[in-house]
Structures are given as C-alpha cells and as structure tokens.
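Asks: this is a predicted model, with the sequence first.
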Amino acid sequence: MRRITRRGFAVTALGAASALLTAGSAAPAAGAPRREMRGMWLATVANLDWPSSVRLTPADQQRELRALLDTAVARKLNTVFFQVRSTADALWPSPYEPWAQYLTGQQGRDPGWDPLDFAVREAHRRDLELHAWFNPYRVANHTDPGRLAAGHPARRHPRWVLPYGGKLYYNPGLPEVRAFVQDAMFDAVRRYPVDGAHFDDYFYPYPVAGGHFDDDAAFQEYGDSFESRDAWRRDNIDRLIQEMAGRLREENARAGRRLRFGVSPFAVWRNQGTDPQGSRTQAGVETYDDLYADTRRWVREGWLDYIVPQVYWPLGTKAADYAELVPWWARTVEGTGVDLYIGEALYKEGESQPVAWQDPAEISRHLTFARRYPQVGGHVYFSAKVVAKDPSGAMARVVRDHYGSAARA
C-alpha cells in the first residue's frame, strides 16, 4: 500500500448484495447529532502530512500547522489526532527520547520551538480537541542503530531492540521496555493539556514473509507460564494497554482532567473462519493472531475510552465488507461504555481498485450506512493532507451530505 503508517490488503471483488445496498448517492442528513466525533489523523512520520519539508523554518512549519487546523475547522471537524511520537522520538522536549528527525532532518536536533505545545494551543483556540498520537514500539524505518541519535535509548540498551522487515522495534516482551515506552509517552500527557492519548495499529509488527521476530531469548526468560508464544505476546500487549489505561485514569483523578484513551486498530479482530466470534471476513491479517492485539478484549474489559477500527474497505468488498465490519464493531462495543468511531480511508479515494474508490460518494455512503447503528459515534479520516487537498471531492461530499452544522466530539 502507499500508506506508510497503516497496513491492509488489496481486494477487488464486490459482493452483489452489498453492492445493491449501496447503489445511488447518499441522502443529505437531516441534521448532525449534538455530539459526534469528526476527526482527522495528522501524520508526521516521514513528513507524510506535516511538516512538508525538514528544510522549512519554524515560522513556516507553524504556518503549515495552522493551515491544517484551519482546514479541520472549515471541514466542520472537531478533533485532530496529532502524531507526536512516531519512531521512538518526540515532537516536544522529552527527557526520554530525542527530537524527531522529521522536524529538522536530523534526529536529536533541537528545532528551536515546541510543536506539541504550539499544536495544543492552536487547536484549543479553534475549539478543536487534540489527541496525542503515539506509536509504542517502532524505533526506526531502517535497521541500523548507528543512524539513531547519539544517546538514543535504543543505542544505550541494544538488548531492547530487534530488527524485522527492514525496521527496528523495541521488544514488547521485555518488562523494562514496556515501562520505558509508557514513561516516554506519559511525559507528553502529563506536561501538556492534550485531550487524549491515542495508539495506532502497530503493536507487534505486521507479518513479513520469511521474517522472524527474534524474541526467543525474551520468551525463554519471561514466557514459561504461558501455553504458547502467541499467548505470551498477547499478554505483553494486554499489559501495555491495561497499564497505560490505569496511569491515565490516575492522571485524570489527580488533575481533574477528562483525558481519553483510544486505539485505532486494523479493523479485523479475527475472521469467523478462525473464531466463531469473529467477523464474516476473509482478511489476510487478523489482529489477534498476527499483531497479538486482542482488541475485542480491550473493549470488553473497559480498558479503552474509545476505539477507532480502520475499516478501510468499500461497501461490498468480498474479503472485508464495510457493511459487515461496522455492525460487528457495533455489537462488540454494545453495553461496554467504550465509544466507537470508524476510521475512514479518505486517502484511497480515486484509486482504481477496488472500483468503488473511483466514486467520490463512496465515503459519504459509509456515513449514511453507519448511522443505522447508534453505537457508531462518528468517523476519523486519514489523513490531514488529503482532508485539505481533497483531490476527488470526497471530503467535500461528506461535509455537504452529513455535516450540516457543527458538532462536539
């Protein structure tokens, strides 16, 4: 896929029944609900959305960031998920990890300003929520520790790091790693008035053909009480989620805040062919089995405040139908108190396959379909640059059809 920070798979066949369901354009909404999540992901990894270049001055970077926030307001959105720690680095002066290379071109170089502080202030000035978006375990989009900033934790603790699929990752199986990444992320939450802490879909890395994530030594040291390595890996990620949730609840109680915790996973927990509790899908990736992320459990245990499954397929897709996954997630959150928002693949509009993406009304139809399910509290769009440029007009169509008035998150 083109996208750097999300994974999926290509499917081309359309289910006939669902295709009939989606025929025609979306009817304009009678009125937006009083509360509705309308969000966008603002990605900084590899300068995907912002800043557009590492050669920009701080003033130019600030101007670009303001423009993206202004775009959110113009599109009648109310929340920005701002990626502040994409590769074991920071968009604030962190005592744990170096400055992100995507600001200056050199990891560890002080950009001369504080992007997270600026983003929070500017977002709140526009009545936008800002959630700090973290990637817990990815260290680098290469495998050479020598390219990391001097003093980087991954260089000081080489035992913490594993290469896999052309990237470096912290090893989730080490308790000291789990504690460290929580400390590094929590630093931003504690120091800035962000409205949420947000993880994306990377936990254990997506499978790479022929690859081996070499956590053998950690499994031998810490996995004796588990029936399998898979169960041990899932427990490692469960602990990360549960512990982070607990720390955030404590911060809310201590400071009287309403800080929310959410995750945006790959949308298929398990296929029904693998587990009767799973969705009627035929996905090539299942988060439970391949990423060791038991997203269904996190909802049922109440560890999350919200979940944003990335339902990145059109209505009628045979292998993973939007019309199957949205109801599955609606049933999953029912009665849990966990809010459900749907992640939308705005960046795919205009792609040739599946053919549904060629129609700029496709995502508007998604919102029309999702409103059948009261458990769906809104939608989040990937990504900010596409929300702004809107080359196919798909975002303008969503605003016209569904966002007739402002809404609170």
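Replies: Noted; the coordinates are in hand. Numbers count the residues shown, from 1 in each chain.

Asks: gap between stretch 75-92 and the chain center?
Replies: 10 Å (C-alpha atoms, centre = their mean, to the nearest Å).

Asks: packing partners for the longest helix seen in the chain?
Replies: Longest helix in the chain, counting residues (DSSP state H): helix 229-255. Helices and strands touching helix 229-255, by 3 or more C-beta pairs under 8 Å, 6 or more residues apart in numbering; DSSP states H and E, are helix 175-191, strand 196-199, helix 216-222, strand 260-263, helix 295-300. All C-beta atoms are positioned from the backbone trio N, CA, C, and that covers glycine.

Asks: report the angle between it and helix 175-191.
Replies: Interaxial angle of helix 229-255 relative to helix 175-191 (axes from the mean of the first three to the mean of the last three C-alpha atoms, to 10 degrees): 30 degrees.

Asks: make JSON lines out of the helices and strands packed on helix 229-255 and add mean pLDDT, distance to residue 318 and mean neighbour count.
Replies: Formatted as JSON lines, the helices and strands packed on helix 229-255 follow (pLDDT from 0 to 100; distance: least, C-beta to C-beta, whole Å; neighbours: other C-beta atoms under 10 Å):
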{"stretch": "helix 175-191", "mean pLDDT": "98", "distance to residue 318": "38", "mean neighbour count": "18"}
{"stretch": "strand 196-199", "mean pLDDT": "98", "distance to residue 318": "30", "mean neighbour count": "24"}
{"stretch": "helix 216-222", "mean pLDDT": "98", "distance to residue 318": "37", "mean neighbour count": "14"}
{"stretch": "strand 260-263", "mean pLDDT": "98", "distance to residue 318": "27", "mean neighbour count": "22"}
{"stretch": "helix 295-300", "mean pLDDT": "98", "distance to residue 318": "23", "mean neighbour count": "20"}
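
Asks: can you put these in TSV and add distance to residue 242?
Replies: Putting these into TSV (distance: least, C-beta to C-beta, whole Å) gives the following:
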stretch	distance to residue 242
helix 175-191	11
strand 196-199	13
helix 216-222	17
strand 260-263	11
helix 295-300	8
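
Asks: can you tell which of the ones you listed is closest to residue 148?
Replies: Residue 148 sits nearest to helix 175-191 of all the helices and strands packed on helix 229-255, at 14.4 Å, using C-beta to C-beta.

Asks: list the contacts of the closest one.
Replies: Contact partners of helix 175-191, identified using C-beta atoms under 8 Å, 6 or more residues apart in numbering, comprise 84-85, 88, 90, 92, 94-97, 116, 132, 134, 136-137, 153, 157, 160, 170-172, 194, 197, 222, 236, 239-240, 243-244, 247-248, 251, 259.

Asks: one step back: pull out the buried positions in the longest helix of the chain.
Replies: Using 16 or more other C-beta atoms under 10 Å as the test for burial, helix 229-255 gives 229, 232-238, 240-241, 244-245, 247-248, 251.
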